[in-house]
Structure formats: C-alpha cells, structure tokens
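> Fold the following.
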Amino acid sequence: MSLQLVSIIVPCYNQGAYLEECLQSILEQTYNNWECIIINDGSSDNTEEIALEWINKDIRFKYIYQKNNGVSAARNKAIENAKGTLILPLDGDDKIGKRYLELGVKTFEDNFDVNLVYCNAKYFGIKEGLCVLPPYDKKKILLGNMILNCALYKKEDWMAVDGYDIKMKNGYEDWEFWISLVLHNKNFKVIKLDYVGFYYRRNEISRDVNVSNNIKIAKKLVRYIERKHFKYYYVIILKKIIKKTVQFFK
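Prediction:
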C-alpha cells in the first residue's frame, strides 16, 4: 500500500456534540497515513475543548481556529495548511467507513489518471437509509449535484480552481466546487467506489435542511452558480432554444 498522505479536513461550527463520533471514525481507519485538520469556524460551544483533547490523543490530529466565516473559508484555510497530496473533506457531524481511505488511496494508485474518488453513502440521525444521488455524468453536473461532499481529490486540483467559493455561505458550495473542478480540466476523471464509506447525519435543523426548505435561498444559490459559470450554461440554454426551434418548424 502506498504511503501517500491523506489530509482529512474537518470544519466544525457548533457541532461539538457530534465531533467525537466524527473523529473516532477517522481514528478507526484501516489506512494509517493520514492527518486530520480540525478547523473551528468560530464555534460558541465546546468544539475547541473536544478538539484539544483529540490532538493530545493522537499527533495526527491538528487544530486551527478562525473567526466565523463559513464552511468554504474554513475548508480553504485548513487545506492551505494541509501536507497531504490527497484531500478528504468531512463535516464535523458526519462519519466515514473504516476502509474508505484504504480503498480510496488504492483507487488513486491503480488509476494514475483519476482526479476524484467517492463512495456510496447512508443517512443516519433523524433519517436513515441509503443516500441516493444520480450517477456521475460530466455533461449533466451543471444541472444538479451528483457527488458527495466527502470525496477524495488531489490538492493540486483544489489549487487549480482557487479552492471553495467563500461567497457561498448558505449551501451548494460543494456542487459549485465540483463544477469548477470538472470544467477546469477536460480530462477530469471520477470513480465511484462500490462501498458505503460515508455516513451523512441528518438533523432537524441544519444548513442543508434550511436550503431544502427555502426555495428563495435555493434559487438564489443556483442563479449565482449560473452566473459564475455562464459560458457553460449558455451552451445548455442555446441547445434548448435550437431544439424548440427545430420542433416548431417540423
């Protein structure tokens, strides 16, 4: 097995109640060459206390504090300090399966041209069951997200697109980041593992739930993404216009 270092990025904002579960799932990995950077995004709960306990427990855990600036800024700051060639973002209230790093790194080793590896996922918390996303399709990623936020990718690719968009504080920052990665590199290759490696906690109150329940926020975020990547969305719009015109004259 390669000794390639994986940097696990754990942003945490007032998720101290769940942080230990998250970090325990990292500690139990069958692949040992990792570092975990816990970044406290200005929490007002006991996040710092728990993080400090864990960095004393294992030297692979590291801790950074920043004033509250959103998950994108938190991830970017942690990745800037990351030493790994591979990055795995993991929110402070979620968990990963024991073999996720092992299988993910092996996939990178076996496929020299792969850029991103993700897996199957399950919900836990107030909702349980499989988390089903559409199969990855490079041509359709502009129409909706199909990659988990907890995916392994190369740090060099993160650098190539200037990281996560810090303006996206209300959600969809993962989807926009994947769009940037895929569109930046025409040869961007994605592989999905046939393995449940991500456990996605569902709470009654969360940023994701807020977006899902608020159409105005969701539409505003989508419009922002469309404007940012307009030249690609323009092609989709143009194709629709041409299709309708052809149908009209038939």
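
> switch to C-alpha atoms for all contacts and neighbour counts from now on
Fine.

> Quick test: name the residue nearest the centre of the protein.
residue 149 (2.5 Å; CA atoms, centre = their mean).

> Any idea how many residues pack against the residue nearest to that residue when sequence neighbours are not counted?
Among residues not flanking residue 149 along the chain, residue 174 sits closest, at 5.7 Å (CA to CA, 6 or more residues apart in numbering). Neighbour count of residue 174, defined by other CA atoms under 10 Å: 20.

> wouldn't residue 174 be in contact with residue 146 here?
No. Residue 174 is beyond contact range of residue 146, at 10.2 Å (criterion: CA atoms under 8 Å).

> Beta-bridge partners for the closest residue to residue 89 other than its chain neighbours, please?
Using CA to CA, 6+ apart and skipping residues adjacent in sequence, the residue nearest residue 89 is residue 9, 4.6 Å away. When assigned by DSSP bridges, residue 9 has beta-bridge partners residue 37, residue 89.

> do the same with residue 64
Going by DSSP bridges, residue 64 forms beta bridges with residue 39.

> Tell me how many other residues surround it.
Neighbours of residue 64 using other CA under 10 Å come to 16.

> Residue 43 now?
Residue 43: 18 surrounding residues under other CA under 10 Å.

> Could you pull up the residues touching it?
Contact analysis of residue 43 by CA atoms under 8 Å, 6 or more residues apart in numbering lists 12, 13, 14, 68.

> my read: the first one touches residue 38, true?
Going back to what we said before, that points to residue 12. Yes. With contact defined as CA under 8 Å, residue 12 reaches residue 38; the gap is 7.2 Å.

> what about these two, which has more around it?
Neighbour totals were compared for residue 12 and residue 38, and residue 38 leads with 30 against 27 (other CA under 10 Å).

> For residue 69, which non-adjacent residue is closest in space?
Take residue 69 and drop its neighbours on the chain: the residue closest to it by CA to CA, 6+ apart is residue 41, 6.6 Å away.

> Please report phi then psi for the one you found.
Reported as degrees, to the nearest 10, the phi and psi values for residue 41 are phi -90, psi 60.

> next one: residue 171
Backbone geometry at residue 171, expressed as degrees, to the nearest 10, gives phi 140, psi 180.

> wouldn't it be in contact with residue 221 here?
Yes. Counting by CA under 8 Å, residue 171 does reach residue 221; the two are 7.5 Å apart.

> joint contacts of residue 12 and residue 38?
With contacts defined as CA under 8 Å, 6+ apart, no residue is adjacent to both residue 12 and residue 38.

> Is residue 191 in a helix, a strand, or coil?
Under DSSP: H, G, I helix; E, B strand; the rest coil, residue 191 falls in the strand class.

> which one is it nearest to, not counting chain neighbours?
Residue 191 sits nearest to residue 117 (CA to CA, 6+ apart), 5.0 Å away.

> The one you found is in what secondary structure piece?
Using DSSP states H and E, residue 117 sits in strand 116-125.

> which element follows that strand toward the C-terminus?
strand 129-131.

> distance of residue 194 from residue 44?
Applying CA to CA, to the nearest Å, the value for residue 194 to residue 44 is 38 Å.

> Kindly apply the preceding question to residue 164 instead.
The value you get for residue 164 to residue 44, if CA to CA is used, is 24 Å.

> cool, and residue 38?
15 Å.

> Quickly note the distance from the residue nearest to the centre of the chain to residue 11.
12 Å.

> any common contacting residues for these two?
In contact with both residue 149 and residue 11: residue 90, using CA under 8 Å, 6+ apart.

> can you pull the contacts of the residue nearest to the centre of the chain?
Counting by CA under 8 Å, 6+ apart, the residues that residue 149 touches are 89, 90, 174, 175.
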